[in-house]
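*Asks:* when you get a sec, could you give me coordinates for this:
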Amino acid sequence: MSLAQRAEVPRPLTRELLGFAAVGLLAYAADLGLFLWLRGALELGPLTAKALSFLAGCSVAYTGNALGTYRHTTAPGPRRYGIFLAVHLAGALVQLACLAVSHYALGLTSRRADTVSGAGIGMAFATVLRFWGTRTLVFRGEGRFGSWTG
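*Replies:* This is a model prediction of the structure:
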């Protein structure tokens, strides 16, 4: 492989990462916006509001990835959505685990520590897990922006 060919290797992965990130931002906005509306205007409890907003965010993320980022892979469907939801639930558990370790095992109990561990560190780990799970378990197969393995 020539130097010019090696320089082009990450382009498909970069496009995939950027598409995944853009869809993730939209899904996060949908999740947060709906959560705030359900808690405020409808006065639902925090767990009910979060469960509903999480499902809505997952649906936005799945639709965006199926029609955008991974539109060249296998067709979307209910089974794929179930796997996608499981991957995103695993990501949520990673975030909760980071928060639990920080808060209960390490004794870092301030609001700032909770935010850093749950929404910062936990979100970073969860995003890596979600990207891996989405590309390998949900939208695997040929056609992912062409092959970049050489």
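
*Asks:* phi and psi next, for residue 106.
*Replies:* phi -90, psi -10 (degrees, to the nearest 10).

*Asks:* could you do the one 10 residues further on as well?
*Replies:* Comment: the main-chain dihedrals of residue 116 come out as phi -60, psi -50, following degrees, to the nearest 10.

*Asks:* distance of it from residue 62?
*Replies:* 28 Å (CB to CB, to the nearest Å). (C-beta placed from N, C-alpha, C; glycine too.)

*Asks:* give the next helix or strand downstream of the lowest-mean-pLDDT helix or strand in the chain.
*Replies:* Least confident helix or strand of the chain, by mean pLDDT, DSSP states H and E, is helix 3-8 with a mean of 55. Going down the chain from helix 3-8, the next helix or strand is helix 10-40, by DSSP states H and E.

*Asks:* what is that next one packed up against?
*Replies:* Helix 10-40 sits against helix 46-64, helix 122-133, with contacts defined as 3 or more CB pairs under 8 Å, 6 or more residues apart in numbering; DSSP states H and E.

*Asks:* what would those helices look like in JSON lines with mean neighbour count?
*Replies:* Below are the helices and strands packed on helix 10-40 laid out as JSON lines (neighbours: other CB atoms under 10 Å):
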{"stretch": "helix 46-64", "mean neighbour count": "17"}
{"stretch": "helix 122-133", "mean neighbour count": "17"}
